[in-house]
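Q: need a structure here:
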Amino acid sequence: MGLSVDLAVASREDLIDLIGQLLQHIEVLEARIGELKGQQPPPPDGLGEKKPPSWVKANRPAGPKKERKKRAQGYARRREEPTHRVEHAMAHCPDCQAPLLRGRVRGRRQVITLPRIRVRVTEHVVLERTCPKCQKRWTPKPDWGALTVGRQRVGISVQSEVSVLREECRLPFGVIQRYLKGRYGLHLSVGELVALVQGVAVGGQGEYAQLQQDIRASPVVQGDETGWRENGHNGYLWSFSTPKVRYFLYRASRGGAVVEEVLGEEFEGVLGSDFYGAYNVHQGRHQRCWTHLLRAIHELKERHPQDVAVAEWAVGVHQVYERAKAYPGPEPRLPVKVQQAERVKQQHRYEHELGALCQSQVHREAPMRVLCQRIERFLPELFTFVADPRVAADNNGAERSLRPTVISRKISGGTRSGKGSKTKSVLASLFGTWRLRGRDPYQAVRQTLTGPQPAPV
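A: Residues are numbered from 1 along each chain as shown. Here you go, the predicted structure:
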């Protein structure tokens, strides 16, 4: 189609005719583009449209929101067990003023209220009495341990309330002070509130030490650490977690000595962690976090969006990981030893496959060279979850355990003394473990305070 026109000498009619020809040409090209799009196969992973990493939650599908299903007729909200009952009935007829007799239920309605509670201050008076027969004097010895700790005036119920508001609700002491005064009419100084919380930590020393022993006896432990400030100086709050235990420890150091201190020489389980060098002091079995590795690979792809080799390598690594995650395990009817041997063989197969992907990139100036060196170094610690199904492929459990303490740090800014850091470590461990085990924190604190009290730290 010839579309060349000398615009300098073209008339108005020539230009209108040219515009019509161009519009027809555009329609033909758009139709051809549509045909080619229908014939083109979808691009492979990493070479076409970017896919989010596996840990990113998928977007909600576009379009109108799904209408909520209407409740069926006769639906009634579940009723609570009533603690009080109030009957509403008329005593006399509004018309003739005659007394009304009998009655039948015409309706029910529950109203949930919180009663206004005022603090109860009980004065215990100890009386000495004399026996009229033998003239001996007798003075009772009340069981103060069931009411309060030591010689403090605040009872265990108040101490439990304060510790739960502080650790579980993460409230500052000033807010707790105003809440107690407004809700219960109880005025306590901030220093007294701090002492109550520290008293719970002192009472929980025995349980805190037992949590460390539980960590050392566990077959799988996940470790992580986060920043924590003590008296304006930077330190670290370490976390060691299992499905039933949370153990926290504050130390100024971020070195491997802390890992040795917590796990000790008797730990024979698997340590799950990221690639931070402090965890290398553990000489036993390891599982490195795949979430951290895949995140680093995703960032590499973002830095080199046009590099086809990087995209193909990233897809290959991700496919090996997905196959390892989907490994169903050996036949359950086989003997246990045979199953374990088969799992170890499968672990070595995945290690060999991943190592082959990285071997050719380690010694050349490729963008993925550093990550390949990391994979080659930690290759025996990447597929431990295949050999041991109790082990997770990621370190998300440890990171989730740190989340409440990170929020607490952002609210409080840290602690002001070594005693405060010790208190925080103990309470975070106790409350985190109670939360995992489904225990009521109020009752757990009460049991901790009414048990044998260790010497102050």
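
Q: I'd like the average pLDDT over stretch 191-201.
A: What stretch 191-201 shows for mean pLDDT is 96.

Q: That one: how far from the chain's middle?
A: In terms of Cα atoms, centre = their mean, to the nearest Å, the centre of stretch 191-201 is set 26 Å apart from its chain centre.

Q: Can you show me the strands along the stretch 151-300 of the chain?
A: For the stretch 151-300 of the chain, applying DSSP state E, counting those that start in this stretch gives strands covering 220-230, 233-242, 245-251, 270-273, 286-288.

Q: Could you tell me the angle between the first one and strand 245-251?
A: Our comparison of strand 220-230 with strand 245-251, counting by axes from the mean of the first three to the mean of the last three Cα atoms, to 10 degrees, yields an angle of 40 degrees.

Q: And strand 220-230, what's buried?
A: Neighbour counts over strand 220-230 (16 or more other Cβ atoms under 10 Å) mark Val220, Val221, Gln222, Gly223, Asp224, Glu225, Trp228, Arg229, Glu230 as buried. Where you see a C-beta, it was placed from the backbone N, CA and C, and this is true even at glycine.

Q: What does the pLDDT read for the residue nearest to Gly269 when sequence neighbours are not counted?
A: In space, and not counting its chain neighbours, Gly269 is closest to Pro219: 4.5 Å by Cβ to Cβ, 6 or more residues apart in numbering. Note on Pro219: pLDDT of 96.

Q: So Pro219 sits against Arg390, correct?
A: Yes - here Pro219 reaches Arg390: they are 5.9 Å apart, a contact under Cβ atoms under 8 Å.

Q: who touches both of those two?
A: Residues touching both Pro219 and Arg390 (Cβ atoms under 8 Å, 6 or more residues apart in numbering): Val270.

Q: that older thread, who are the contact partners of the residue nearest to Gly269?
A: Counted by Cβ under 8 Å, 6+ apart, Pro219 has contacts Gly269, Val270, Asp388, Arg390.

Q: Distance to Asp143 and neighbour count for those residues - can I get that in a markdown table?
A: Below are the contacts of Pro219 laid out as a markdown table (distance: Cβ to Cβ, whole Å; neighbours: other Cβ atoms under 10 Å):
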| residue | distance to Asp143 | neighbour count |
| --- | --- | --- |
| Gly269 | 43 | 20 |
| Val270 | 47 | 23 |
| Asp388 | 50 | 17 |
| Arg390 | 45 | 11 |
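
Q: Need the single longest helix in this protein, by residues.
A: Longest helix in the chain, counting residues (DSSP state H): helix 12-39.

Q: wait, which of the buried residues of strand 220-230 is closest to Asp14?
A: Nearest to Asp14 among the buried residues of strand 220-230: Asp224, at 75.3 Å, using Cβ to Cβ.

Q: The closest one bridge partners, please.
A: Counting by DSSP bridges, Asp224 forms beta bridges with Ser239.

Q: Could you dump the strands of the stretch 151-300 of the chain into CSV with distance to Gln319 added?
A: Output for the strands of the stretch 151-300 of the chain, formatted as CSV (distance: least, Cβ to Cβ, whole Å):
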stretch, distance to Gln319
strand 220-230, 26
strand 233-242, 30
strand 245-251, 35
strand 270-273, 23
strand 286-288, 19
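
Q: Which of those sits closest to Arg78?
A: Minimum separation from Arg78 across the strands of the stretch 151-300 of the chain (Cβ to Cβ) falls at strand 245-251, 33.0 Å.

Q: same for that closest one, what does it pack against?
A: helix 205-217, strand 233-242, helix 256-263, helix 418-437 (3 or more Cβ pairs under 8 Å, 6 or more residues apart in numbering; DSSP states H and E).

Q: if you set the cut-off to 10 Å instead, what comes out?
A: The contact analysis (3 or more Cβ pairs under 10 Å, 6 or more residues apart in numbering; DSSP states H and E) places strand 245-251 against helix 205-217, strand 220-230, strand 233-242, helix 256-263, helix 396-412, helix 418-437.

Q: closest to Phe173 out of these?
A: helix 396-412 (9.0 Å).

Q: what comes up buried for the closest one?
A: Buried residues in helix 396-412 (16+ other Cβ under 10 Å): Gly397, Ala398, Glu399, Ser401, Leu402, Pro404, Thr405, Ser408, Arg409, Ser412.

Q: hang on, the earlier thing: now the residue nearest to Gly269: how far from Glu399?
A: 20 Å (Cβ to Cβ, to the nearest Å).

Q: Over to Leu18?
A: Counting by Cβ to Cβ - Leu18 and Glu399 are separated by 65 Å.

Q: For Arg246, see how far away the residue nearest in space to the middle of the chain is.
A: Geometric centre of the chain, nearest residue: Arg400, 2.8 Å, by Cα atoms, centre = their mean. Distance, Arg400 to Arg246, by Cβ to Cβ: 10 Å.

Q: Are there residues contacting both of these two? Which ones?
A: Common neighbours of Arg400 and Arg246 (criterion: Cβ atoms under 10 Å, 6 or more residues apart in numbering): Ser239.

Q: Just the buried positions in stretch 317-331, please.
A: Buried-residue list, stretch 317-331, by 16+ other Cβ under 10 Å: Val317, His318, Val320, Tyr321, Ala324, Tyr327.

Q: I should have written stretch 264-276 there, sorry.
A: Phe267, Gly269, Val270, Leu271, Gly272, Ser273, Asp274, Phe275, Tyr276.
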